[in-house]
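> I need the structure of the sequence given here:
(chains A and B)
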Amino acid sequence: MKRRNFLQSVPITLGGMSLSAYANSPLLSDLACTLMDTDKVLVIIQLNGGNDGLNTVIPLDQYAVLSQPNIRQNILIPENKVLKLPGTNNALGFHPSLSGIHNLYKENKVAIVQNVGYPQFSYSHFRAADIWVSGADYNEVLNSGWAARYLASEFPNYPSGFPNMSFPDPLAVRVGGTITLGLQNQGVSMGIAINNAKDPLNLSGNLFTDPPTPGCLGKELSYTREVLRQTDKFGDAVQAAGDKGRNLSSLYPVANTPGAILGSQLALVAKLIDGGCKTRIYWLSTGGFDTHSSQVESADHTAGVHSGLLKGVSDAIAAFMDDLTLLGRADRVIGMTFSEFGRRIISNASGGTDHGAAQPVLIFGSNVIPGIYGHNPVIDPLSNVNSNLPMEFDFRSVYATILADWFCVGSADRDNILLNKYQNIGFLKPNNCLMTGVKSNQRYAGAKLIEAYPNPCADQVRIAFESEGGMVIIELLNQEGRLVQTVFNGYLESGHFDIACSMQKIPEGTYYLRIQNSVSEQVRKLIKARL
Amino acid sequence: MPALKPYTGTFGKPELLHLLRRTLFGVHQSDLNYFKGQSLDQVLDYLVPSTPALPSPPRRTYYSNTDPAKDQMEKYNDNGTVVTAVPFGETWVNTPLQTNFLVGSGNNRRANLKNWWTGLQIHQDRTLYEKMLMFYQTILVTQDVTLEDAILMYNTQTLYRKFAFGNYRELVRQITLDPGMLKYLNGDKNTKTAPDENYARELQELFTLGKGKDSQYTEDDVKTAARILTGWTVINTGIVNGKTQNILPQVVFNQSKHDTGTKVFSAFYNNQQINPDASIINDKDRALKELDQLIGMIFQKEEVSKYICRRLWNFFAYYDINDEVESEVIAPLSEVFRTYSNDPDQMKYVMKSLLGSDYFFKQELRGCMIKSPNDFLIGMVRQIGFPFPDSTQLEAQYYMWSYIVNGNANIGFIVNSPPDVAGWPAYYQLPVYHEMWFDTTSFPFRRGLYEAISRSSFALDKTVTYDPANNPSYGYKTKMNFADMVRDFDHPSDPNELINEALQIMLAPPVSDAVKSALKTNFLLNGQSRDYYWTEVWEGYSADPNTTDPRFRNVPSMLQNLFNYLMSSAEYQLC
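Okay, the predicted model is just below:
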């Protein structure tokens, strides 16, 4: 990865006097707050276990199929209980537990990115979570997180020289857990882990001054020493921000109700933001989404384990957004939720769902361009127990969008951070970065970007598609969402194209054709049959 | 392939300390004294025995009211008569909970089990046994928070204990049909019409083959293995004395739920087919044969031996398994694993080979593990010889154990409650592994714990003691006195020797003479330059520990400050 020399501890002077003279004076903290008010914050909420996206963002136009006994009748949310999304002609809605997020949606503060995944997939919780937080390809192991790579590109010398005058606070904060792979870069933790803002830390002068020896003992001793040092340095900054910050919302879930823990952690984040903490990324997680059985109550599908989990997430986020608004900090913050995978289309007889693939990702904040990105999945009545929602957006496109239009990372750096080119989905207001140029909006129109004929096809199919110029990727995915074949991958000028594709070696069945071109993408069903 | 090279170098005090730090929870002076002068083979024979007998089970020390007459815990109403199901001080492990209990007792049992296991670790024998059990809990995971059933958790742990140094394949075979595991990974709901892949996946991904590059089982293999495992379930209710009651969990096989079709595995398993053996009349025996064939097929893969040996190396030596470790340790050690694949003492041979290997004693691997919470906290109370009560003060004993359980929870480890089915991330999460145990969140809590253990008094008074009039635990009090610890040293009156002996117990990394001298001057000489300053105060204090002489009476607090300071170092986090 390319590293920029950027934003090291630039000496700040104030009327000719070094700022360090003011290190503990109120003047400094006032100055720090002035600086910080322009800083942007990303809050990442990881839903551990694999969230059932089909029961979270619910495609009501697919109910004729979904309600079949052999699909997911035993866990389906009654149509009249689904919280309809305005502007979708009642084709899409939220699980009834998501009333808080539904309200935010109506206030134009939520973007829903449908069917997010990656070609191929892993059903392993741990591998899939690693893929998501690292931004790796399915067959690639990365020892760094995408968020950490972003921070490392902005602060290439970290942790040497940190904290410093211009950046006294931790770059990233993991709330309520240990540092995730997502915040690790080449063995360096780009963030610190905290549980509360009160970590009184006072180490006396250190007698243990032996230099670390070569080899792993020296490596680990340097590591434990660094933790001791960072605990104290960043601990002071966090404690100061915590003392200064406020919580004004009365909506946070109370103890022993769904979302109480996540809510208290988000309240801490709001408090630190209000207190002037310049931390860019907060990473939180909440678990229990691995609902193989009994995810709903059989007598009332709107109740049960999954309902409680969603309510917790929704209520906590709604309270957090309320708090930020009351604090006057809402413009500085966006958040996203994701899970390591969605779940299978067909439910289990035990009222749960097995590990799946694509899932909806929610982006919230007053700087999103609200709405629905992508299309309702089309559920095949002939789905089998292995059927998954086909992926429409690559998950790294979500990251690319955040990097481009929130953290204002240029395209070359973005490609370095994400290790490839990914489209900007466009769910953030581009003026967040005062960028010029208006993005094409055609992807939401009804235009047909790709079409296969004949469909159903036999041994040969022709694929017609539109290119607006630039990188074009056309992929054939099977019903499980696995990549079967890359039909095309390369640069094309703008225009209409028509290519022939052999289906001879492809078994009969249902497939999906996916095109990605510049900022657009589309998925269409293709059936291979014996004609 | 080279054989695993045994260690043939000098086996002196540094080597003994390294071996004990990795096999026990902390090293106490008495452990050093016990093994003094023994050869590596002698020490290993003692440290890695054949699997010992089971310990006596956990005992009830919880109650809903300190007055026995008002206490409702573990009692039920039988036609107007209140019957005690589990008396105070007795074990609950053979007594299922019933719906007619006067108060819920399940959560108390779960906590009681955690306290008991932690107690066994604190009072461990001078062997690898308890640490080996921890290893099994990091790899063959069930979760107390998921099962919410102390009897199930106790049963699974009993399996770990029965196979501590036993045959790993047999352990995996038995745990496949362990009631707790069946419930935990949905094996009990796995039927031919609604197959559940959960156990079949983890069996391969986490328990046997892992996810290394040579583990090439397919998604279809997961599904096929799941089909073999269909039909097993757990029953917890039955008719007792004419009434439907909860009973101890029993595993039963239901032929109608079993997939009797042909199961064909992928090329990774040489396209092996596993079918019901029609010549076996008994349904359950026929299903067991399919299970045996499945386990046998998986263990035919060399990768199983390598995966387990990598996990062992990660747990007992260091997390970085580079090409050199792979060829010099994992490959030859996995050969040992395979050589003893049918031996009932398989893991004993594997562990003796690992711990006696030349590579294990490599200078650079000594002291480079970041302490797990267990190594830190249980190791700490064992190192310093914290005075725990014995079983004559049963309630006080469990009370103190619960303090350690809660302390461990604060620093990221809850016994019986790994965060998920993969166990604790510190043992598998690339790239930092056990560095995850120690960060800016856990360090302040670790600091709080060593401060409390070394400075606080612990007591049970009347308000929190069951049946105080008849309970020997009533009035229990304890507090650490570091002078008691130092008294067992070889030369406590010589400040240089005292610092040396304290450092070898407390810190794994070597410490320079300059640092030793600074420690001595700061903590033992009160800034004076002559060594006899300490000798005089120590001898004055030892002659009369209750002395009021202002020169001598501060010895315990001087030592407390010294040991606290050692525990505050970055070096103390390593072992």
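> could you use CA atoms for every contact and neighbour count after this?
Fine.
> run a quick neighbour tally on the residue of the stretch 301-450 of chain A at minimum distance from chain B.
Going by Cα to the nearest Cα, chain B is nearest to residue A:349 of the stretch 301-450 of chain A, at 5.9 Å. Using other Cα atoms under 10 Å in any protein chain shown, residue A:349 has 22 neighbouring residues.
> can you pull the contacts of the closest residue to it other than its chain neighbours?
Of all residues not flanking residue A:349 in the chain, residue B:194 sits nearest, at 5.9 Å (Cα to Cα, 6 or more residues apart in numbering or on different chains). By Cα atoms under 8 Å, 6 or more residues apart in numbering or on different chains, residue B:194 lies in contact with A:348-350.
> can I get those in CSV including pLDDT?
CSV is the format used below for the contacts of residue B:194 (pLDDT from 0 to 100):
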residue, pLDDT
A:348, 93
A:349, 92
A:350, 92
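> all strands of the stretch 251-400 of chain A, in order?
A:281-286, A:333-339, A:359-364, A:371-373, A:393-394 (DSSP state E, counting those that start in this stretch).
> is it possible to get a markdown table of the ones you listed that adds mean pLDDT?
Output for those, formatted as a markdown table (pLDDT from 0 to 100):
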| stretch | mean pLDDT |
| --- | --- |
| strand A:281-286 | 94 |
| strand A:333-339 | 98 |
| strand A:359-364 | 98 |
| strand A:371-373 | 95 |
| strand A:393-394 | 96 |
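> mind putting those strands into TSV with distance to residue B:511?
Below are the strands of the stretch 251-400 of chain A laid out as TSV (distance: least, Cα to Cα, whole Å):
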stretch	distance to residue B:511
strand A:281-286	38
strand A:333-339	46
strand A:359-364	52
strand A:371-373	60
strand A:393-394	52
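> sorry, back to before: how much space separates the residue of the stretch 301-450 of chain A closest to chain B from residue A:52?
16 Å (Cα to Cα, to the nearest Å).
> and for residue A:456?
The value you get for residue A:456 to residue A:52, if Cα to Cα is used, is 30 Å.
> what's the answer for residue A:155, then?
37 Å.
> shaky segments in the chain?
Just so you know, I chose chain A. A:1-38, A:177-178, A:186-187, A:195-205, A:434-448, A:518-519, A:531 (pLDDT under 70).
> that's the wrong chain, I meant chain B
Segments of chain B classed as low confidence (criterion: pLDDT under 70) are B:1-2, B:462.
> which residue is nearest the middle of it?
Against the mean C-alpha coordinate of chain B, by Cα atoms, centre = their mean, the closest residue is residue B:134 at 2.8 Å.
> so who does the closest residue to residue B:177 other than its chain neighbours touch?
Closest residue to residue B:177 apart from its sequence neighbours, by Cα to Cα, 6+ apart: residue B:251 at 7.1 Å. Residues counted as contacts of residue B:251 (Cα under 8 Å, 6+ apart) are B:177-179, B:232-235.
> so which of the residues you listed sit within strands?
B:232-235 (DSSP state E).
> who wins on neighbours among those residues?
residue B:232 (23 neighbours).
> residue contacts, the residue of chain B found nearest chain A?
At 4.2 Å from chain A, residue B:368 is the closest residue in chain B, using Cα to the nearest Cα. Residues in contact with residue B:368 (Cα under 8 Å, 6+ apart) are A:216-221, B:318, B:509, B:574-575.
> run the last query once more with 7 Å
A:216-217, A:220, B:574-575 (Cα atoms under 7 Å, 6 or more residues apart in numbering or on different chains).
> next one: residue B:470
Here residue B:470 is in contact with no residues (criterion: Cα under 7 Å, 6+ apart).
> ok, now the one 5 residues further on?
Taking Cα under 7 Å, 6+ apart as the criterion, residue B:475 is in contact with B:459-461.
> so which of those belong to helices?
Residues of the contacts of residue B:475 located in helices (DSSP state H): none.
> may I ask which of those residues has the most neighbours?
Once you tally neighbours by other Cα under 10 Å, residue B:460 ends up highest among those, having 18 neighbours.
> contacts only, for it.
B:396, B:474-477.
> list of residues touching stretch B:285-305?
By Cα under 7 Å, 6+ apart, stretch B:285-305 touches B:173, B:208-209, B:214-215, B:228-229, B:274-277, B:280, B:334, B:337-338.
> of those, grab the buried ones for ChimeraX.
Selecting only the buried entries of these in ChimeraX, with 16 or more other Cα atoms under 10 Å in any protein chain shown as the criterion:
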select /B:173,208,209,215,228,229,274,275,276,334,337,338
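> which of the contacts of stretch B:285-305 fall in helices?
Using DSSP H, the subset of those located in helices is B:173, B:228, B:334, B:337-338.
> which bits of the stretch 1-150 of chain A sit near chain B?
Contacts of the stretch 1-150 of chain A with chain B, taken as Cα under 7 Å from any Cα of the partner chain, map to residue A:143.
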